[in-house]
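A.B. asks: Sequence and predicted structure, then a few things I'm wondering about:
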Amino acid sequence: MDFSDFKIVRFNCKSFPPSGFERQKYREYNLTPLEVECETIEDALSLVQDAAALLVVAQPIPALLINNMKRCQVISRLGAGTDKIDIEAATRRGILVSNVPDFCVEEQADHAFALLLACTRKLFQQRPLFLKGHYHRARDICRPLRRMSELKLGLVGFGGSAKAMARRANGFGMKILATRNDLSKQDSLASQLKIDMVSLDELLHHCDIVSLHLPLNSTTHHLFNRSRLLTMKPGCILINTARGGIVDENALANVLREGHLAAAGLDTFQVVDVHAGHSHPPDHALLNLPNVVITPHTAAFSKESSRDVSFGGIENLIAVLSGASPPARNIVNPDVLNPATR
């Protein structure tokens, strides 16, 4: 099948340029996407009107944009999260939304565990003391550190990245608790690693470290507000490589300042737009705290994840344009395949 006649719009081409793996797939299928970077939704309106497909990394796709699409068959997310796409609007228009849910579970777990270690060993707090020659002070702040095998890790969510995190924690001899919507569901890895499946409240009460592995939606938005943060075990460490909006970041800054939580390791933010087209120093109370380790949403990055997300995202697109369907696990709105349910 010749795909050269399909208009495909590839967003975020400056902030997230197409990789060599992505261009390899372009050549394989004779694709010539229109490569754009839009500062506003209005900039994108005329571009999508007659597009057959969209390739999206970080571009918001609200109902305003979707309702302007006349020919679109698929919005292919080159990534996992789809919180910036109006799924309901796409479904109403009969547009399939796809993603690549497992492309970076290993990288995310590596990154989350790196943040965990940086926080538990106070690595970033030691650096400025070392550079000032305050070696004794650096040693003093490390005297209360805990042995990893004595700590309990709580996983909020138990999908791919959480399971990868559990395997790493098990190697350190940590006790692992986890929570998810269906606590009764049997899981072979949970049984193998002797993971206790418990309620969220019980997990927060008992765990020394809590790592978030949830999608952002109306249920999880600010799930970790001030009251929930205060139910966490005193001295607990919070790790977030999921989505910034799951945590009320203003509340987190206050709870850290007050000393109830010991530290936080953050790779995702709501208050800082790490995908902005311009560069300027961010400004938020969280970023000035010495016990907060921050990275600019880089948990997914590796050569292998770039390959997997490029291949997966384009294969999803090609499946739809060919009149077929992507793998079921890659379909975000399966109701679109059944017009009777729309």
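C.D. replies: Arrived safely.
A.B. asks: Buried ones in stretch 250-258, by neighbour count?
C.D. replies: Judged by neighbour count (16 or more other CB atoms under 10 Å), stretch 250-258 contains these buried residues: 251-256. All C-beta atoms are positioned from the backbone trio N, CA, C, and that covers glycine.
A.B. asks: no wait, stretch 290-303
C.D. replies: 291-295, 297, 299-300, 302.
A.B. asks: which one of the buried residues of stretch 250-258 is nearest residue 240?
C.D. replies: Closest approach to residue 240 among these (CB to CB): residue 252, at 8.9 Å.
A.B. asks: where does the closest one land in three-state SS?
C.D. replies: Three-state call for residue 252 (DSSP: H, G, I helix; E, B strand; the rest coil): helix.
A.B. asks: again, but for residue 144
C.D. replies: Going by three-state DSSP: residue 144 is coil.
A.B. asks: okay, now it: neighbour count?
C.D. replies: As a burial measure, residue 144 scores 9 neighbours (other CB atoms under 10 Å).
A.B. asks: cool, and residue 262?
C.D. replies: Neighbour tally, residue 262, other CB under 10 Å: 20.
A.B. asks: ok, and the closest non-adjacent residue to residue 190?
C.D. replies: Spatial nearest neighbour of residue 190, excluding adjacent residues (CB to CB, 6 or more residues apart in numbering): residue 197 at 6.1 Å.
A.B. asks: got the contact list for the one you found?
C.D. replies: Counting by CB atoms under 8 Å, 6 or more residues apart in numbering, residue 197 touches 158, 177-180, 183, 187, 190.
A.B. asks: Check what pLDDT the residue nearest the centre of the chain gets.
C.D. replies: Nearest to the mean C-alpha position of the chain, counting by CA atoms, centre = their mean, stands residue 242 at 3.8 Å. Residue 242 carries a pLDDT score of 96 in this model.
A.B. asks: hang on, isn't it packed against residue 213?
C.D. replies: Yes: between residue 242 and residue 213 there is a contact under CB atoms under 8 Å: 5.8 Å.
A.B. asks: still on that earlier bit, what separation is there between the residue nearest to residue 190 and residue 156?
C.D. replies: For residue 197, the distance to residue 156 (CB to CB, to the nearest Å) stands at 12 Å.
A.B. asks: which residues do those two both contact?
C.D. replies: 178-179.
A.B. asks: Distance to residue 247, secondary structure and pLDDT added to the buried residues of stretch 290-303, as JSON lines?
C.D. replies: Below are the buried residues of stretch 290-303 laid out as JSON lines (distance: CB to CB, whole Å; DSSP: H, G, I helix; E, B strand; the rest coil; pLDDT from 0 to 100):
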{"residue": "291", "distance to residue 247": "15", "secondary structure": "coil", "pLDDT": "96"}
{"residue": "292", "distance to residue 247": "12", "secondary structure": "strand", "pLDDT": "97"}
{"residue": "293", "distance to residue 247": "14", "secondary structure": "strand", "pLDDT": "97"}
{"residue": "294", "distance to residue 247": "13", "secondary structure": "strand", "pLDDT": "96"}
{"residue": "295", "distance to residue 247": "15", "secondary structure": "coil", "pLDDT": "97"}
{"residue": "297", "distance to residue 247": "14", "secondary structure": "coil", "pLDDT": "94"}
{"residue": "299", "distance to residue 247": "15", "secondary structure": "coil", "pLDDT": "97"}
{"residue": "300", "distance to residue 247": "19", "secondary structure": "coil", "pLDDT": "96"}
{"residue": "302", "distance to residue 247": "25", "secondary structure": "coil", "pLDDT": "97"}
